[in-house]
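[1] Here you go, sequence then predicted model.
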Amino acid sequence: MNRSEAESAGEQTLSFRAFQDDPEPPAPADDVVVASEDAPSDDPPSDESYDTPADDPSDEPVEEEAEEPVDEAEAVQEEEPEPEEELPDAAAEALTAALGALRESVVDLRFSLDLPGAAEARQAQAELLAQLEDYVLPRVRTNSAPALIVVAGSTGAGKSTLVNTLAEKNVSRTGVRRPTTGTPVLACHPEDQKWFAEGELLGGLERLEKPSVEAGVGSLVVVPTEKLPQGVALLDTPDIDSVVEEHHEIAHRMLDAADLWIFVTTAARYADAPAWKLLRLAKERGARLAIVLSRVQPRSQEVVLKHFVRMLTEYGLGDVDRFVINESKVTEGRLPDNEVTDLRMWLAELSVDEERRARAVAETLSGVLDSFRTRVPALARHLEGQVAFRAELRTDVEAAYMGALAEIDQSMRGGSLMRGEVLARWQDFAGSGDLMRTLQLRKRGRAVQTPERIMAFKAALRVGMESVIISAAHRAAEEVAARWRQRSELGATLATGLDRPSEELVRRANRAVVAWQEHLTELIRTDGVAKRSVSKVISFDVDSMALIFMVGLFGYTGAESLPQRLLKALLGAESLRGIGARAISDLRARLSMLFDEESMRYVQALDAAGIPDEASATRLYQATYNLEVAR
């Protein structure tokens, strides 16, 4: 073996075999010298700058391992695997229908209340919807589409440089200024361009033919190159730890739409938290993963690789495909081609092996669907929290207005209404002789007009009732607002302007009291049959009797107890009880309706806040169950 062949074999050993699970990877030569355009420094290398190793002075040849004989029948069987069966049409339709129903259930969700965890729930909802629309539904409908491989990593890991090198074309912008990649760039074989330029995968992004300054994260640059094998595409994404929030979001959106992930990190930053956060996400989602460790110094390669492999193994990722790129010089945005030989071969094998590619895509899709088992119920639980908070606020409203009804009932039946102006008008009416004059002997046969004192007393009763109702409504509104403020800042915000009754309350209360008085008068006229012995000689004015009935109903207990004695004598005890029960029931119904109209203001405030109803969480659980059945 000549010198160049030995050097090539040595590089091959360092860049691939040294990054496998062997506990003792071969050590690099001690006299390897790294050449750089700049003076050597102890600082980590710049973001997109690679140093190229000088020629190894050692001419010692590397022995090639003897190949074992391979059985020709087994070789033929490996070369021509049976293609993986696709889902039957009926099963695919059922799965598509279940996923569509899940999407409809998720898209209608509203997490409008700023409760703890609401922001995370909104983000999870957006991610779930984007993954359903960008990846899951399109992949189920067109499972024969080329595999989409997302190249992701931390800031300055060299993702764009790697993509440019594999594509043998500067498809993505590189540089030392961070962040570099703002718009995702997809590189694919020309035969696959139509899939990604016109297909449903990442359908929500605007397609561009080349990067543009005006293009934002809502765009996708699709660049064809014959240097990439057919059947696979590389997607360069913004940094997962970008300081620009939009870049961070679009990077995760791209990962959610990927069939495979290539995670790129550096020898100096592979232990950083963002790297392991992304690896944890890949593990949770069941995504097919390959790892590229770049900028590895030959002198420290053995130590770095052993430590990184141990970390991966402890994390349950020891069997993922791994590749090493040595510290190298970047020329015109690309690495030396020999640094990506192993990775290029990996892509080529994935391209020609349809069964392997289909299996990788199916595993990732299955992992995403598996993640719905926890992600969708988690959304439902957040939803239940919103619904429960709404129920608590509604309970506050109901309790306050139930208390107001009880307060009114106590005031009217306990005698407190018969005070002040109302009592004065009653005493004037009863003591002036007008009360007795309303009772007429039949033999005299003439009617008497209603005295003004009766009219004044009736008006005083109406005003007194309205005053009691309005006072109770004021206290109920204040109580609701106070309870909402005590619950949270959100409750205080929702209670703004609702700590007093509506402007329509006075008019509605007047209408309710007048209608009740008229109803009571009609009850006296139709059901108030006087005793037979009395009714032969005595008649009575219905309006006056209704007023007297109200006085007795409101618990007046004057010294003479005239209303009770008079009503019992004229109507009888049984008729008196029946009319009283119906009158009280009708008054309570009218007041309940009045307060229902008042409490609707709070319901409207909750509706305006976009709080979901109780059935939303149930629909989510049902959609998840239907998806499992369809799978």
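    Structure received.
[2] Please report how far the closest residue to Gly580 other than its chain neighbours lies from Met412.
    Once flanking residues are discounted, Gly580 sits nearest to Leu553: 6.0 Å by CB to CB, 6 or more residues apart in numbering. For glycine as for every other residue, the C-beta is placed from the backbone atoms N, C-alpha and C. Counting by CB to CB, to the nearest Å, the gap from Leu553 to Met412 is 8 Å.
[3] contacting residues for Val422?
    Residues in contact with Val422 (CB atoms under 8 Å, 6 or more residues apart in numbering) are 457, 460-461, 464.
[4] In helices, which of these appear?
    Judged by DSSP state H, helices contain the following of the contacts of Val422: 457, 460-461, 464.
[5] Can you tell me how far Glu339 is from Arg375?
    From Glu339 to Arg375 the distance is 38 Å (CB to CB).
[6] Please apply the same query to Leu350.
    Per CB to CB, Leu350 is found 28 Å from Arg375.
[7] so Leu220 sits in a strand?
    Yes - counting by DSSP: H, G, I helix; E, B strand; the rest coil, Leu220 falls inside a strand.
[8] That one is in contact with Gly204, isn't it?
    No - between Leu220 and Gly204 there is no contact under CB atoms under 8 Å: 9.4 Å.
[9] Settle it for me: which of those two has more neighbours?
    Neighbour totals were compared for Leu220 and Gly204, and Leu220 leads with 23 against 13 (other CB atoms under 10 Å).
[10] and the more buried one, what is it in contact with?
    Contacts of Leu220 (CB under 8 Å, 6+ apart): 183-186, 196, 202, 205-208.
[11] I'd like those laid out as a markdown table, including pLDDT and distance to Pro224.
    Converted to a markdown table, those look like this (pLDDT from 0 to 100; distance: CB to CB, whole Å):
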| residue | pLDDT | distance to Pro224 |
| --- | --- | --- |
| Thr183 | 82 | 17 |
| Pro184 | 88 | 16 |
| Val185 | 90 | 12 |
| Leu186 | 93 | 10 |
| Phe196 | 89 | 9 |
| Leu202 | 84 | 16 |
| Leu205 | 85 | 17 |
| Glu206 | 87 | 18 |
| Arg207 | 89 | 12 |
| Leu208 | 88 | 13 |
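[12] which of those sit farthest apart?
    Thr183 and Phe196 (14.5 Å; CB to CB).
[13] what are the ranges of the strands in the stretch 151-300 of the chain?
    For the stretch 151-300 of the chain, applying DSSP state E, counting those that start in this stretch gives strands covering 185-188, 206-208, 219-224, 232-236, 260-266, 288-296.
[14] wait, I meant the chain
    Taking DSSP state E as the criterion, the chain carries its strands at 34-35, 52-53, 147-153, 185-188, 206-208, 219-224, 232-236, 260-266, 288-296, 321-326, 439-441, 538-540.
[15] deepest of those, which one?
    Mean neighbour count (mean count of other CB atoms under 10 Å) peaks for strand 185-188 among the strands of the chain, with a mean of 28.
[16] ok, that one: who's next to it in the sheet?
    If you go by DSSP bridges, strand 185-188 pairs up with strand 219-224 (parallel), strand 232-236 (antiparallel).
[17] what's in contact with the shortest one?
    For strand 232-236, contacts defined as CB under 8 Å, 6+ apart pick out 146-151, 159-160, 163, 166-167, 171-172, 181, 184-189, 192, 195-196, 228, 254, 258, 262, 347, 350-351, 357.
[18] give me the number of residues near Gly218?
    For Gly218, using other CB under 10 Å, the count is 12.
[19] In contact with it, which residues are there?
    Gly218 touches 204-206, 250, counting by CB under 8 Å, 6+ apart.
[20] Narrow the residues you listed to those in helices?
    Those of the contacts of Gly218 lying in helices (DSSP H): Ile250.
[21] Pick out the most distant pair among the contacts of Gly218.
    Glu206 and Ile250 (12.5 Å).
[22] Most neighbours out of the contacts of Val422, which is it?
    If you count neighbours using other CB under 10 Å, the busiest of the contacts of Val422 is Phe457, which has 27 neighbours.
[23] dump the residue contacts of that one.
    Phe457 neighbours (CB under 8 Å, 6+ apart): 422, 425-426, 428-429, 547.
[24] go on, Val107?
    Residues in contact with Val107 (CB under 8 Å, 6+ apart) are Leu129.
[25] Could you measure from it over to Ala130?
    For Val107, the distance to Ala130 - CB to CB - is 11 Å.
[26] ok, now Lys227?
    30 Å.
[27] neighbour count winner among the two?
    Per other CB under 10 Å, whichever of Lys227 and Ala130 has more neighbours is Ala130, with 19 against 12.
[28] so what pLDDT did Ala272 get?
    Heads up, residue 272 is Asp, not Ala. Asp272 is assigned 84 on the pLDDT scale.
[29] Give me the neighbour count for the nearest residue to it once chain neighbours are set aside.
    Leaving aside its chain neighbours, Asp272 sits nearest to Ser154 (6.4 Å; criterion: CB to CB, 6+ apart). Ser154: 22 surrounding residues under other CB under 10 Å.
[30] switch to numbering from 841
    Will do, 841 is the new start, and the previous item becomes Ser994.
[31] Show the contacting residues for Ser994.
    Applying CB under 8 Å, 6+ apart to Ser994 gives the contacts 1079-1081, 1105-1106, 1109, 1112, 1114-1115.
[32] how near is it to Lys1117?
    For Ser994, the distance to Lys1117 (CB to CB) stands at 10 Å.
[33] Of the contacts of Gly1058, just say which sits nearest to Ala1352.
    The nearest one, if we look at the contacts of Gly1058 relative to Ala1352 and count by CB to CB, is Gly1044, at 55.0 Å.
[34] Any chance of the backbone angles for that closest one?
    As for Gly1044, its main-chain torsions (degrees, to the nearest 10) stand at phi -80, psi 0.
[35] could you list every residue that touches Leu1301?
    Contacts of Leu1301 (CB under 8 Å, 6+ apart): 1262, 1265, 1357, 1387, 1390.
[36] Can I get those residues in a markdown table including pLDDT and distance to Arg962?
    As requested, those are arranged in a markdown table below (pLDDT from 0 to 100; distance: CB to CB, whole Å):
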| residue | pLDDT | distance to Arg962 |
| --- | --- | --- |
| Val1262 | 70 | 57 |
| Arg1265 | 73 | 61 |
| Gln1357 | 87 | 54 |
| Leu1387 | 76 | 61 |
| Met1390 | 78 | 57 |
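[37] And the furthest pair within the residues you listed?
    Once CB to CB is applied, these give Arg1265 and Gln1357 as the farthest pair, at 14.6 Å.
[38] neighbour count winner among the two?
    Per other CB under 10 Å, whichever of Arg1265 and Gln1357 has more neighbours is Arg1265, with 22 against 19.
[39] what's the distance between the more buried one and Leu1075?
    86 Å.
[40] What of Glu1172?
    From Glu1172 to Leu1075 the distance is 22 Å (CB to CB).
[41] Equivalent analysis for Val1227, please.
    From Val1227 across to Leu1075, the span is 39 Å (CB to CB).
[42] same question, Ser1328
    Distance from Ser1328 to Leu1075, by CB to CB: 43 Å.
[43] I'd like to know which helix or strand in the chain has the lowest mean pLDDT.
    strand 874-875 (a mean of 34; mean pLDDT, DSSP states H and E).
[44] Distance from the chain centre to the top helix by length along the chain, please.
    Longest helix of the chain, by residue count under DSSP H: helix 1194-1253. Relative to its chain's centre, helix 1194-1253 lies at 10 Å (CA atoms, centre = their mean, to the nearest Å).
[45] Does Leu949 touch Gln965 like I think?
    Yes - applying CB under 8 Å as the test, Leu949 and Gln965 come out as touching, 5.6 Å apart.
[46] Find residues that contact each of the two.
    Leu1219.
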